[in-house]
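**Student:** Sequence first, predicted model second:
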Amino acid sequence: MELPDLTFRTYLLTFLSLLCLLGLNVGLAFIHMGWVNMFVAVMIAAMQAAIIALFLMHGLFERAIIRLVMGGALLWFLILVTLTMTDYITRNWLPIAGK
Amino acid sequence: MSKAEALALREPFSTPQHQRDTAMLGMWVFIATEVLFFGGLFVAFAVYRMYYTQGFLEGSRGMTLVIGTINSAVLIASTFTMSLAIHAIQHNKQLRCYLLLLITALIGLVFLALKFTEYFIHYQEHKVPGIWFESHDPQAGPEQLFYIFYFAMTGLHAIHLSIGCGLVTTMAVRTALGRFNGNYHTAIDVTGLYWHFVDIIWGFLYAIFYIPGFR
């Protein structure tokens, strides 16, 4: 499948939106919200990643098999996060005799 | 089939399109493995960040925020020029594509130069675990752990970017030699995917290492 022929305007808007998100990230970092700061920063980075993957990497216009690979990567990453965190977060929830 | 396509066509592919589709799928699968490769490091960082919140915050405060932010903008600019290079070759504009690829590689080198300047600053501040690390903070242990993650993850990213610079330069040279045209530019497309992915990773590294250090 040939790459979609996006216009220069699309690329420019993508570039500007990425810069705006970077500016937003820096701006929000100056407002002290504790751990929320890093959470918001990661969410903004995820938005930037989505813009790059969907438009600049043409993920939005790709074949089904490539979208399957994209979804698979995301799914396996989420499994990695979920299983690891459910272990570490819940370790001290229950008193264990002898510990 | 154009001359460039005929030159690039390899066994076992019967058509350039089949070869192109396979190459793109291969790069996407490689990117999926890279997601899990970096993903493991990000998850490990998150676990230790959860356990040693204060120490990791101290570590973030030692980051050179201006350089980190400039580097983020620099990589965004490079991802833009890379996209324009692909756009140019799609329209058979070889000279424009060649120049944009060279600019992309140069921007990548600017990023690396700034990154190594930052590493040198950390060295001068005695914040390099295993080589020269000093801290009088009660959180010195976790802070050192933060720097281990910092050097390992940004170092791996820098290696990826260096490879990217080499690939983009190779593509520029091959474009100048007339190996690509509007009908055949698979190698540039695949290199573009890799370059964009490296940019995505930096976005997350910036978020976890630099942002908590802003006051």
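**Tutor:** Looks like it came in fine. What you see is a predicted model, and the numbers here were worked out from it, not measured in a lab.

**Student:** Would you map the helices across the chain?
**Tutor:** Because you didn't say which chain, this covers chain A. Shown for chain A, the helices assigned by DSSP state H span residues A:8-29, A:35-51, A:64-90.

**Student:** wrong one, I was asking about chain B
**Tutor:** Using DSSP H, helices in chain B cover B:3-8, B:16-51, B:53-61, B:65-90, B:94-124, B:140-176, B:186-209.

**Student:** would you list those helices in CSV and tack on mean pLDDT and distance to A:Tyr11?
**Tutor:** C-beta: built from backbone N, CA, C; applies to glycine. Listed next are the helices of chain B as CSV, based on pLDDT from 0 to 100; distance: least, C-beta to C-beta, whole Å:
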stretch, mean pLDDT, distance to A:Tyr11
helix B:3-8, 69, 24
helix B:16-51, 94, 19
helix B:53-61, 92, 33
helix B:65-90, 96, 5
helix B:94-124, 97, 11
helix B:140-176, 97, 17
helix B:186-209, 97, 12
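
**Student:** okay, these in JSON lines with mean neighbour count and distance to chain A next?
**Tutor:** Shown next, in JSON lines, are the helices of chain B (neighbours: other C-beta atoms under 10 Å in any protein chain shown; distance: least, C-beta to the nearest C-beta, whole Å):
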{"stretch": "helix B:3-8", "mean neighbour count": "15", "distance to chain A": "13"}
{"stretch": "helix B:16-51", "mean neighbour count": "17", "distance to chain A": "4"}
{"stretch": "helix B:53-61", "mean neighbour count": "20", "distance to chain A": "7"}
{"stretch": "helix B:65-90", "mean neighbour count": "22", "distance to chain A": "4"}
{"stretch": "helix B:94-124", "mean neighbour count": "18", "distance to chain A": "11"}
{"stretch": "helix B:140-176", "mean neighbour count": "19", "distance to chain A": "13"}
{"stretch": "helix B:186-209", "mean neighbour count": "23", "distance to chain A": "4"}
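
**Student:** between these, which gets nearest to A:Thr10?
**Tutor:** With respect to A:Thr10, and counting by C-beta to C-beta, the nearest of the helices of chain B is helix B:65-90 at 9.1 Å.

**Student:** Model confidence for the residue nearest the centre of chain A, exactly?
**Tutor:** Geometric centre of chain A, nearest residue: A:Ala46, 2.5 Å, by C-alpha atoms, centre = their mean. pLDDT recorded at A:Ala46 is 97.

**Student:** Return the residues in contact with it.
**Tutor:** B:Phe204 (C-beta atoms under 8 Å, 6 or more residues apart in numbering or on different chains).

**Student:** distance of it from B:Gly40?
**Tutor:** Distance of A:Ala46 to B:Gly40, given as C-beta to C-beta, to the nearest Å: 18 Å.

**Student:** What of B:Thr169?
**Tutor:** 30 Å.

**Student:** And for B:Met27?
**Tutor:** 21 Å.

**Student:** ditto for B:Lys93
**Tutor:** B:Lys93 is 41 Å from B:Gly40, by C-beta to C-beta.

**Student:** same question, A:Leu54
**Tutor:** Counting by C-beta to C-beta - A:Leu54 and B:Gly40 are separated by 25 Å.

**Student:** again, but for B:Gln94
**Tutor:** On the measure of C-beta to C-beta, B:Gln94 and B:Gly40 end up 41 Å apart.

**Student:** Could you do B:Val74 as well?
**Tutor:** 27 Å.

**Student:** now B:Leu106
**Tutor:** Distance of B:Leu106 to B:Gly40, computed by C-beta to C-beta: 32 Å.

**Student:** Check A:Leu80 too.
**Tutor:** With C-beta to C-beta as the criterion, A:Leu80 and B:Gly40 are 7 Å apart.

**Student:** ditto for B:Ser60
**Tutor:** For B:Ser60, the distance to B:Gly40 - C-beta to C-beta - is 21 Å.

**Student:** B:Arg61 now?
**Tutor:** 26 Å.

**Student:** what's the answer for B:Phe204, then?
**Tutor:** For B:Phe204, the distance to B:Gly40 - C-beta to C-beta - is 13 Å.

**Student:** Same check on B:His185?
**Tutor:** 34 Å.

**Student:** B:Gln54 too?
**Tutor:** Separation of B:Gln54 from B:Gly40 (C-beta to C-beta) stands at 25 Å.

**Student:** One more: A:Val42?
**Tutor:** 16 Å.

**Student:** can you check B:Ser72 too?
**Tutor:** Following C-beta to C-beta, the distance that separates B:Ser72 from B:Gly40 is 23 Å.

**Student:** next one: B:Tyr184
**Tutor:** Here B:Tyr184 is placed at a distance of 37 Å from B:Gly40 (C-beta to C-beta).

**Student:** nearest spatial neighbour of B:Leu109, skipping sequence neighbours?
**Tutor:** Closest residue to B:Leu109 apart from its sequence neighbours, by C-beta to C-beta, 6 or more residues apart in numbering or on different chains: B:Cys165 at 6.1 Å.
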